[in-house]
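J.: Sequence and predicted model, in that order:
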Amino acid sequence: MSLRIERHIDLSGLSASVAAVTPEAVARAGEHIRGVSVSRTPVDTGRLSGSAAVHLDHQDGDATASITYDGPYARYQHERLDLRHETGQAKFLESALLSEADTALDMIATDLRRAL
C-alpha cells in the first residue's frame, strides 16, 4: 500500500507583496534614523536640523533610503570633532546610523513579515 499527498503552493503573490511593502518599510526606517540624527544635530538657528530629509530610491524590488542635510555648513558641523556645541554633537548623522541600524532593520523586517 502507498499513500501519496501532493500539495501545490503558489508563491508568486508572495514576492509581489514583499516588493509592494519594501519601499514604505525602508522609508519608515530611514525616517527613524533621520529623527534620531536630528535630535543630535547642533542647534544655532535650527536651519541645519530642519534641513534633514530622507530620499527614497526604489526600482525592481530594491529600495534605498539616503538621509541628507542641506546647507553649506552641514559637512563642516558633522565632521569637525573639535567644535563644541551647547546642543547637539559632531557626527550626528553617523552616530545615529550606527546606534539605530539594528532598530531600522527590525522595523523593515516587521513590515515585511506583515506583508507575508
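T.: Done, it's in.

J.: With adjacent residues omitted, what lies nearest to the residue positioned nearest the centre of the chain?
T.: Compute the mean C-alpha point of the chain, and by C-alpha atoms, centre = their mean the closest residue is Gly30, 2.2 Å away. Excluding the flanking residues, the one nearest Gly30 by C-beta to C-beta, 6 or more residues apart in numbering is Ala65, at 3.1 Å. From N, CA and C alone the C-beta is placed, and that goes for glycine too.

J.: any idea how far Ser15 is from the one you found?
T.: Relative to Ser15, Ala65 is positioned 21 Å away (C-beta to C-beta, to the nearest Å).

J.: who has more neighbours, the two?
T.: Neighbour totals were compared for Ala65 and Ser15, and Ala65 leads with 22 against 10 (other C-beta atoms under 10 Å).

J.: can you pull up the bridge partners for the more buried one?
T.: For Ala65, the residues forming beta bridges with it (DSSP bridges) are Leu56.

J.: Report pLDDT for Ile73.
T.: Quick fix: residue 73 is Tyr, not Ile. Model confidence at Tyr73, given as pLDDT, is 89.

J.: and the residue nearest to it when sequence neighbours are not counted, which of the three is it?
T.: Residue nearest to Tyr73 in three dimensions, not counting chain neighbours: Leu48, with 7.1 Å by C-beta to C-beta, 6+ apart. Following DSSP: H, G, I helix; E, B strand; the rest coil, the label given to Leu48 is helix.
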